[in-house]
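1. just a sequence and a predicted model for now, questions to come.
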Amino acid sequence: MSDMRKTIAQSTVSGTVSITRGWTVWGNPASVWHRLGSGPKVLFKGGMRGGYGAKAAGRLSFFKMILNTARLTLKPQQQTDAPALFSILGDVEAMRFWNHPPIARLVVVEELVREQQAAQANGQCRYWTVQEDTDTIGSVDLSLIQNGSAELGFLIRRDRWGRGLAGEAVAAVIRHAFGPMALNRLAAAIQAENHKAARVVEKSGFVAIDRRRAAIASGEIRDCVFYLLRRDQLMPAV
């Protein structure tokens, strides 16, 4: 498979509740190509390229990335966030639909955060640590930032579920993506059984554009739903 497909298939993206990776899906997730079995390569309807480059999207200072909502503060992820994130990434239930099994050792999370920091420095991704007062309760990310598009991911600590906090954090990142970052499209890939995550993105304005079985990072084949949100669907509200 091509270098692009290797990158997409093997990359680790933190915070995504249900990211699909593997041989059957590849490309910029807002311009996702897929193949069912040995069938033809097909572009998801509605996916487009063009617009804002990854390097330009990456030129945001630390303070400009701080996002505030009624109940939350989203701060750019830092290495010191690893212990708090470990409490989420090691939770079996919270990680049920993630792209990797629960992480059992803090040192693994520390290395993961280092990799994410490097990707962020290169303008490939944006990672926010979600805080409620001073309590770290989750993470939101924009990954694969390229050509005016990015993929949304989020993960919230299990004891904070059911309070609308995921939607509040996601809304703040959407506003930032379509505002200061000047992105045009956001995508999300969610396992069909992950109803909680689906409700979050649907309430945020995402529209399901396809559903099919796809390979995830573990190699398992799962039913996945692919969502797309365009900037012109929300502007000038954002």
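-> Looks like it arrived, so ask away.

2. just give me how far stretch 152-166 sits from the chain centre.
-> 13 Å (CA atoms, centre = their mean, to the nearest Å).

3. what comes up buried for that stretch?
-> For stretch 152-166, the buried set under the neighbour-count rule, 16 or more other CB atoms under 10 Å, comprises Leu152, Gly153, Phe154, Leu155, Ile156, Arg157, Arg158, Arg160, Leu165, Ala166. (Each C-beta comes from the backbone N, C-alpha and C, glycine too.)

4. tabulate those residues (JSON lines), appending pLDDT, secondary structure and distance to Glu115.
-> Written out in JSON lines, the entries for the buried residues of stretch 152-166 read as follows (pLDDT from 0 to 100; DSSP: H, G, I helix; E, B strand; the rest coil; distance: CB to CB, whole Å):
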{"residue": "Leu152", "pLDDT": "96", "secondary structure": "strand", "distance to Glu115": "19"}
{"residue": "Gly153", "pLDDT": "94", "secondary structure": "strand", "distance to Glu115": "15"}
{"residue": "Phe154", "pLDDT": "95", "secondary structure": "strand", "distance to Glu115": "19"}
{"residue": "Leu155", "pLDDT": "93", "secondary structure": "strand", "distance to Glu115": "16"}
{"residue": "Ile156", "pLDDT": "95", "secondary structure": "strand", "distance to Glu115": "22"}
{"residue": "Arg157", "pLDDT": "95", "secondary structure": "coil", "distance to Glu115": "22"}
{"residue": "Arg158", "pLDDT": "94", "secondary structure": "helix", "distance to Glu115": "24"}
{"residue": "Arg160", "pLDDT": "96", "secondary structure": "helix", "distance to Glu115": "26"}
{"residue": "Leu165", "pLDDT": "97", "secondary structure": "helix", "distance to Glu115": "26"}
{"residue": "Ala166", "pLDDT": "97", "secondary structure": "helix", "distance to Glu115": "24"}
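
5. which of those residues lies closest to Ala214?
-> Distance from Ala214 was checked for each of these by CB to CB. The minimum falls on Gly153, at 15.9 Å.

6. quick revisit: in TSV: the buried residues of stretch 152-166, plus distance to Val113.
-> Listed next are the buried residues of stretch 152-166 as TSV, based on distance: CB to CB, whole Å:
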residue	distance to Val113
Leu152	19
Gly153	15
Phe154	16
Leu155	13
Ile156	17
Arg157	16
Arg158	20
Arg160	20
Leu165	21
Ala166	21
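
7. of all the residues you listed, which comes closest to Gly179?
-> In terms of CB to CB, no member of the buried residues of stretch 152-166 lies closer to Gly179 than Leu152, at 14.9 Å.

8. the closest one and Pro101, how far apart?
-> When distance is defined by CB to CB, to the nearest Å, Leu152 is 22 Å away from Pro101.

9. sounds good, over and out.
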